[in-house]
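A.B. asks: Got a predicted structure here, sequence first:
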Amino acid sequence: MQVLSRIYQQFFFPPELVRAHYHQKVPGDFSKELLQGVPDQAAEGMWGDPGLYTADLPKLLDWLHRSKSPGLLAEKPLVTPILLYDGALSSDRLLFHYEGNPQSAQLIRRFVELFGLAIKNSNATIISPSFIPRSKMKEEQELIQMVTKATAETSFIKFNFNRIGDFWSYAVKHECTLLVTTKNYQADLAKILFHFYKGGMWYNRLSFYLA
């Protein structure tokens, strides 16, 4: 129980709203595992550090609305990724937020490594800054090739998006189902989701992977 307390105490929201997962690679039917509340078999008998947290986004937003504040997901960005899923997790249409730096590239690599079994049939879009220094072009091309090999179809777009709201709007407009981005935007994302939840622009198939 002490280990469990250490794992969950870093979140501002109640611990019953978040689950820890210990998969080295999530199974292809991970969405069913979330919906059915299947315990992570890899965690039985060994409580190390989890490789992923998940939280039901509508339940989390309901709690935030009851608290009358958008708040934060955690006191500071966590090393361990968190996946916020809305009702059911779908990897049909992925949207990758690439910032043009090694940290962002590593985030996407780790996502592909963790979810490789679940995204084989996915359509993916990578949004990259319009300007990339020549020294980063090779990394950008390697990233595109990696995502292309891991998914059924991949497109690459250059946009000067610099706010998480831009990515959220794009994802809603194009009916993406999973946005992969950095936790550095967690506070702004929480405010956007808090504001638009159950409103006319709300798109209930969009989940978020923050790392």
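C.D. replies: Yep, that arrived. Residues are numbered from 1 along each chain as shown.
A.B. asks: could you pull out the helices for the chain?
C.D. replies: Using DSSP state H, the helices found in the chain span residues 2-8, 30-36, 57-66, 102-115, 137-150, 164-173, 186-196.
A.B. asks: Quick check: which of these is nearest to residue 205?
C.D. replies: Distances from residue 205 to each of those were compared using Cβ to Cβ; the shortest belongs to helix 164-173, at 9.6 Å. For every residue, glycine as well, the C-beta is placed using N, CA and C.
A.B. asks: So which elements touch that closest one?
C.D. replies: Where contact means 3 or more Cβ pairs under 8 Å, 6 or more residues apart in numbering; DSSP states H and E, helix 164-173 is packed against strand 93-97, strand 178-181, helix 186-196.
A.B. asks: And it, what's buried?
C.D. replies: Within helix 164-173, the residues that count as buried by 16 or more other Cβ atoms under 10 Å are 164-165, 167-168, 170-172.
A.B. asks: Could you identify the most distant pair in those?
C.D. replies: Using Cβ to Cβ, the pair of those lying farthest apart is 164 and 172, separated by 12.5 Å.
A.B. asks: quick one: the residue lying farthest from the centre of the chain from residue 148, how far?
C.D. replies: Distance from the C-alpha centroid of the chain, by Cα atoms, centre = their mean, peaks at residue 134 (28.6 Å). In this view, residue 134 and residue 148 are 22 Å apart by Cβ to Cβ, to the nearest Å.
A.B. asks: Provide a list of residues in contact with residue 174.
C.D. replies: When the contact criterion is Cβ atoms under 8 Å, 6 or more residues apart in numbering, the partners of residue 174 are 93, 95, 125.
A.B. asks: mind redoing it with 10 Å?
C.D. replies: Taking Cβ atoms under 10 Å, 6 or more residues apart in numbering as the definition of contact, the neighbours of residue 174 are 93, 95, 125, 203.
A.B. asks: hmm, back to that, anything in contact with each of residue 164 and residue 172?
C.D. replies: Counting by Cβ under 10 Å, 6+ apart, the shared contacts of residue 164 and residue 172 are residue 179.
A.B. asks: Any idea how many residues pack against residue 135?
C.D. replies: Residue 135: 7 surrounding residues under other Cβ atoms under 10 Å.
A.B. asks: now residue 29
C.D. replies: For residue 29, the count of nearby residues is 13 (other Cβ under 10 Å).
A.B. asks: Lovely, talk soon.
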